[in-house]
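**Q** how does the following fold in three dimensions:
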Amino acid sequence: MRRSISGSLALVLALALGASGCDDGDTTTTPTPTDPAPTVTETFAGTLTPNGAAVFTFTVAATGTVTATLRNVLPNNTVQVGVGLGVWNGVLCQILLSNDRAQQDTTVTGQVNAAGTLCARIYDVGQLTGPTTFEIVVIHP
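**A** Model (predicted):
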């Protein structure tokens, strides 16, 4: 019994869809392509001290992917530090994504749903023994 009902329903839907697809007009609709938002690359650099942190703000203009890549950690490029991405609330960086074991060339990636001010944060996780210079490259829409 269930098969005949399902089969009948499928036939009715197929006929309804076929009938609704018929049109006597010659109108052709071409989908409008959506161009991805252009990306912006920003480089932030500084010196991180033991137990220290640094925050850098940047403005995104559209939705899309945001990446923060730790570059040029000197003098020891194998030292682990924390790197995070977050939302700047005007006073502090509210971290949403972080990696507490980031080394040189580590990337933190997230999605932004609206234009606004975001932030990148680098911080010591207890491994620094002296000043360490760094560079963070942020790519965003």
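**Q** point to the helix or strand of the protein where mean pLDDT is at its lowest.
**A** Ranking every helix and strand in the chain by mean pLDDT, DSSP states H and E puts helix 2-21 at the bottom, with a mean of 33.
**Q** which element follows that helix toward the C-terminus?
**A** Tracing the chain C-terminally past helix 2-21 and defining elements by DSSP states H and E, one meets strand 40-48 next.
**Q** give me the sheet partners of that following strand and which way each runs.
**A** strand 132-140 (antiparallel) (DSSP bridges).
**Q** which residues are in contact with the partner strand?
**A** Residues outside strand 132-140 that contact it (Cβ atoms under 8 Å, 6 or more residues apart in numbering): 39-49, 56, 58, 60, 64-76, 79, 81, 83, 112, 118, 120, 122. Placement of C-beta: from N, CA and C, glycine included.
**Q** any chance of a PyMOL selection covering the buried ones in those residues?
**A** Once 16 or more other Cβ atoms under 10 Å is used to decide burial, the buried members of the contacts of strand 132-140 can be selected in PyMOL as follows:
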select buried, resi 44+48+56+58+60+64+66+67+68+69+70+71+73+79+81+83+112+118+120+122
